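# Fold the following and give me the result.
(2 chains)
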Amino acid sequence: AQSVSQHNHHVILSEAASLELGCNYSYGGTVNLFWYVQYPGQHLQLLLKYFSGDPLVKGIKGFEAEFIKSKFSFNLRKPSVQWSDTAEYFCAVNSYSSNTGKLIFGQGTTLQVKP
Amino acid sequence: DARVTQTPRDKVTEMGQEVTMRCQPILGHNTVFWYRQTMMQGLELLAYFRNRAPLDDSGMPKDRFSAEMPDATLATLKIQPSEPRDSAVYFCASGLGSSSYNEQFFGPGTRLTVL
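Numbers count the residues shown, from 1 in each chain, chains lettered A, B, ... in the order given. Alright, predicted model coming up:
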């Protein structure tokens, strides 16, 4: 069965620090990969997605993620975080072959950025 | 600015009572997903519909939960009878088309507390 693991449950950074959140998935076939963000009290919003092509994808608000197929990973990065990046971040995957759009989410990583 | 809407935003009820949550997908979207978010389990897919037909509700406790789409503009999730362990935030998401490439747009969620 598909699964998604986010190894960092809670990350605390100071403003301007660099960010990397880990995401690993378990699935043998072709997958589509997503990062969603949930700001306090708000709904989930799409940060970025990877379907094919360049494994380094850029999203909104200066975020990027790199797909490394050999490692089954899709880590999220940002060179310099801001206080407003405080939120919960979710990695998600769906199966290309299932063609349903059904997403499997990781447990989420809470990012706290100190001003 | 098209958005998924959910009502109510907050619901506090007593164990044993019936709870109905409603979702209005973005106009024109034909795929609707129901997710539940808890601290322990994270984000779990409960059910999803395509063109109003239920495709998968394997994530939903069948004895007490039911999901329907009376029409294309309304999806409902009902719990009867409710239990304290149902306390969670319930998100609805909608998408266009059935492809795994299609982005899901999330609603603001219904925070359910069962006492």
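# going forward, measure contacts between C-alpha atoms and count neighbours the same way
Fine.
# Just checking stretch A:53-61 against chain B, any contact.
No. Residues of stretch A:53-61 contacting chain B under C-alpha under 8 Å from any C-alpha of the partner chain: none, with a closest distance of 13.6 Å.
# which residues touch the lowest-mean-pLDDT helix or strand in chain B?
Least confident helix or strand of chain B, by mean pLDDT, DSSP states H and E, is strand B:53-56 with a mean of 87. Contacts to strand B:53-56, defined as C-alpha atoms under 8 Å, 6 or more residues apart in numbering or on different chains, come from residues B:47-49, B:68-69.
# Going by distance to chain A, which of those residues wins?
B:Y48 (8.0 Å; C-alpha to the nearest C-alpha).
# quick one: contacts for the nearest residue to A:Q82 once chain neighbours are set aside?
Spatial nearest neighbour of A:Q82, excluding adjacent residues (C-alpha to C-alpha, 6 or more residues apart in numbering or on different chains): A:E15 at 5.1 Å. Contact analysis of A:E15 by C-alpha under 8 Å, 6+ apart lists A:80-83, A:113-115.
# Save those as JSON lines, and put in secondary structure too.
As requested, the contacts of A:E15 are arranged in JSON lines below (DSSP: H, G, I helix; E, B strand; the rest coil):
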{"residue": "A:S80", "secondary structure": "coil"}
{"residue": "A:V81", "secondary structure": "coil"}
{"residue": "A:Q82", "secondary structure": "coil"}
{"residue": "A:W83", "secondary structure": "helix"}
{"residue": "A:V113", "secondary structure": "strand"}
{"residue": "A:K114", "secondary structure": "strand"}
{"residue": "A:P115", "secondary structure": "coil"}
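# wait, which of those is closest to chain B?
Closest approach between the contacts of A:E15 and chain B, by C-alpha to the nearest C-alpha: A:V113, at 20.7 Å.
# residue of chain A with the smallest distance to chain B?
Counting by C-alpha to the nearest C-alpha, chain A gets nearest chain B through A:G101, at 3.9 Å.
# isn't that residue right up against B:N102?
Yes. A:G101 lies in contact with B:N102 (C-alpha atoms under 8 Å); the separation is 6.5 Å.
# more crowded one of the two?
A:G101 (25 against 17; other C-alpha atoms under 10 Å in any protein chain shown).
# what kind of secondary structure is the more buried one in?
A:G101 is classified as coil under three-state DSSP.
# what stretches of the chain score poorly on pLDDT?
You didn't pick a chain, so chain A it is. A:96-100 (pLDDT under 70).
# that's the wrong chain, I meant chain B
For chain B, the stretches with pLDDT under 70 are B:1, B:97-101.
# hmm, 90 instead?
Along chain B, the parts satisfying pLDDT under 90 run over B:1-2, B:30, B:39-43, B:48, B:50, B:54-62, B:95-104.
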